[in-house]
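>>> predicted model follows, preceded by the sequence.
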Amino acid sequence: MNKQYKHILVLTGAGVSAESGLATFRDAEGLWNNHKVEDVATIDAFERNPEYVHAFYNEMKPELSAAKPNSAHLALAKLEKEYTGEVNIVTQNVDTLHEKAGSRKVYHIHGQINQAVCLNCGQILETWDAVDTQTVCPHCHIAGMMKPNIVFFGESLLYMNEVERLLKACDLFISVGTSGVVYPAAGFVQAAKYHGAETWEFNLEAGANNYLFDKHIYGKCGTTLPAFVDELLKSAEEKEKNND
Ligand code: BV8
């Protein structure tokens, strides 16, 4: 990490929100342990039993709405604000903790818990209230066509055009708190590497795609990430001074 990066791309997963008290998916007491993925996070499940899927996400809303960003989210917001180069976050998380920490350039490729999409007119409804099969779309006024704006397995990701552009442009790719098992997000590191980026993995333990990263920093990202961000800011400042 001895250069001034022009474009830093950060990919985050559930591990970045773990120290805010939010359950991850695949850890011991993870979200999927009490539910079968295919019962709640697939498009067939939604078509088969929309009430059940709506209830699963409605149940999550109060906790995610009350959750507070932790030092990892705050470090990334500080990096975006103070770093001389561009900083973007692509998150697999449906919580809004990056935004609550002050990050502005955040792309939710797996959707957002406080959004629903109308399958009739395609408009997005932003709400922390419960959405269900009776909810009327405020845009086209049709009832019963709202779906959580969550990307289920088998659905294509959101913001993929922007993500492709960011993967081509970045010279530093940082992955934080993801098990690296869900594609295409788990393959982003390969694309970044192909386009010449330096790749770093921040996780509790080696992710499934860890062999694709140049560097690894294992530990709680609430501790490891702020230290890394301070290093990045300090070395950029020194470079600026030397250039003056
Ligand atoms: C698509 C929405 C195509 C719900 C989610 C066979 C092989 C390969 C791929 C596939 C395959 N069969 C099917 C596929 C594709 C499939 C896929 O990848 N399946 C996997 C499971 C095999 N992918 C898809 O279906 C995707 N769509 O491919 O579409 C297509 C193309 C065109 C047209 C039509 C279709 C859609 C993927 C999105 C699915 N939706 N979620 C919801 O969020 O409720 S995925 C779900 O997993 C979440 O979004 C989550 O974000 C994501 C990844 O999980 P992680 O964030 O990594 O969380 P996890 O718990 O796993 O790990 C947490 C990590 O943090 C751990 O490593 C832990 O150690 C670490 N950690 C914990 N605490 C800390 C920490 N690290 C640091 N500090 C800490 N304190």
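Sure, I can see it.

>>> could you look up the next helix or strand downstream of the helix or strand of the chain with the lowest mean pLDDT?
Among the helices and strands of the chain, helix 31-34 carries the lowest confidence by mean pLDDT, DSSP states H and E, at a mean of 64. Per DSSP states H and E, the first helix or strand lying C-terminal to helix 31-34 is helix 37-40.

>>> do I have it right that Leu158 meets Val106?
No: contact criterion C-beta atoms under 8 Å: Leu158 and Val106 do not qualify, at 11.8 Å. C-betas here are computed from N, CA, C, even on glycine.

>>> and the chain, which residues reach the ligand?
13-15, 18-19, 24-27, 30, 41, 92-94, 110, 150-156, 177-179, 181-184, 203-205, 207, 220-222 (C-beta under 6 Å from any ligand atom).

>>> ok so, going back, which of Leu158 and Val106 has more neighbours?
Shown here are Leu158 and Val106; by other C-beta atoms under 10 Å, Val106 has more neighbours (22 against 18).

>>> returning to what we had before: in helices, which of the residues of the chain next to the ligand appear?
221-222 (DSSP state H).

>>> in PyMOL, how would I select just the buried ones from the residues of the chain next to the ligand?
This is how PyMOL selects the buried members of these, with burial counted by 16 or more other C-beta atoms under 10 Å:
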select buried, resi 13+14+15+18+19+24+25+26+41+92+93+94+110+150+151+152+177+178+179+182+203+204+207+220+221+222
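
>>> contacts for stretch 56-70 next, please.
Residues outside stretch 56-70 that contact it (C-beta atoms under 8 Å, 6 or more residues apart in numbering) are 16-17, 19-22, 35, 40, 77, 94-98, 100-101, 113-114, 128-132, 148, 150, 222.

>>> name the residues of that stretch that come out as buried.
56-58, 60-61, 64, 67, 69-70.

>>> for the ligand, what is the nearest residue in the protein?
Gly15 (2.3 Å; C-beta to the nearest ligand atom).

>>> for Met107, give me its contacts.
No Met there; residue 107 is Tyr. 88-91, 158-159, 162-163, 166.

>>> in helices, which of those residues fall?
162-163, 166.

>>> I figured the residue of the chain closest to the ligand was touching Asn203, is that so?
Yes: counting by C-beta under 8 Å, Asn203 is a contact partner of Gly15 at 6.2 Å.

>>> name the residues contacting each of the two.
With C-beta under 8 Å, 6+ apart, Gly15 and Asn203 have common neighbours 176-179, 221.

>>> and the gap between the residue sitting nearest the centre point of the chain and Ala116?
Centroid check for the chain by C-alpha atoms, centre = their mean gives Thr91 as the closest residue, at 1.6 Å. From Thr91 over to Ala116 the distance is 19 Å, taken as C-beta to C-beta, to the nearest Å.

>>> contacts only, for the nearest residue to Leu158 once chain neighbours are set aside.
Of all residues not flanking Leu158 in the chain, Ile109 sits nearest, at 5.5 Å (C-beta to C-beta, 6 or more residues apart in numbering). Contact partners of Ile109, counting by C-beta under 8 Å, 6+ apart, are 90-92, 151, 157-160, 163, 185.

>>> need the max-distance pair from these.
Thr91 and Met160 (13.9 Å; C-beta to C-beta).

>>> so Leu64: helix, strand or coil?
Classification of Leu64 by DSSP: H, G, I helix; E, B strand; the rest coil places it in helix.

>>> can you report how many residues lie near Gly187?
Using other C-beta under 10 Å: Gly187 sits among 14 other residues.

>>> ok, it - contacts?
Asn209.

>>> my read: Val189 touches Thr199, true?
Yes: here Val189 reaches Thr199: they are 5.2 Å apart, a contact under C-beta under 8 Å.

>>> find residues that contact each of these two.
With C-beta under 8 Å, 6+ apart, Val189 and Thr199 have common neighbours 173, 175, 212-213.

>>> so which of those comes closest to Glu237?
Using C-beta to C-beta, the shared contacts of Val189 and Thr199 come closest to Glu237 at Phe173, 22.3 Å.
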